[in-house]
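A.B. asks: Any chance you could fold what I've pasted below:
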Amino acid sequence: MTNRIVPGRALNWGLWAAQVVLAIAFGFFGFLKATQPLDSLSHMMSFVKVFPPLFVRTLGVLEMLGAIGIVLPWLTRILPWLTVVTALCFVVLQALAIAYHAAHGETAQTIGLNLVLIALSGFVLWGRR
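C.D. replies: Numbers count the residues shown, from 1 in each chain. Got it, this is the predicted structure:
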């Protein structure tokens, strides 16, 4: 008997890996935006200086909810379409982040992470739809 990789199984493992990476990334960055003092946060994220504090805090809370929404609905099989909606929201969020950073000449510092997150989100969106 040989160990063959079943395409459906490999795809499912890849999707779970992407979902976990997205949950960790958005959960971490969301937690920072929701809880850290804005002065220290502005050293890491330049947009904090531009947008109102309520916007930054709300974005952080939404990212933390997204971290839950990218994994939990599919894991529990309760409203699994919410995972797809979350992935779509992450794609939109990262597209807007890329546009913002490009408009402010910050792509050299941020484009790599934004592209990885948009690719992973797009993969989950495609694979879980």
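
A.B. asks: tell me the pLDDT at the residue lying closest to Arg129 once chain neighbours are set aside?
C.D. replies: The spatially closest residue to Arg129, leaving aside those adjacent along the chain, is Val84, at 5.2 Å (C-beta to C-beta, 6 or more residues apart in numbering). Backbone N, C-alpha and C define where each C-beta goes, glycine included. Note on Val84: pLDDT of 97.

A.B. asks: Val84: how many residues sit nearby?
C.D. replies: 19 (other C-beta atoms under 10 Å).

A.B. asks: Now do the same contact list for it.
C.D. replies: Listed by C-beta atoms under 8 Å, 6 or more residues apart in numbering, the contact set of Val84 reads Val124, Leu125, Arg128, Arg129.

A.B. asks: Can you tell me how far it is from Leu54?
C.D. replies: From Val84 across to Leu54, the span is 29 Å (C-beta to C-beta, to the nearest Å).

A.B. asks: thinking again about what came up before, reformat the contacts of Val84 as TSV; add pLDDT.
C.D. replies: Converted to TSV, these look like this (pLDDT from 0 to 100):
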residue	pLDDT
Val124	97
Leu125	97
Arg128	95
Arg129	92
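
A.B. asks: List the buried residues in the longest helix seen in the chain.
C.D. replies: If you go by DSSP state H, the chain has its longest helix at helix 7-35. When burial is assessed from 16 or more other C-beta atoms under 10 Å, helix 7-35 yields the following buried residues: 15, 18-19, 22-23, 25-27, 29-30, 32-34.
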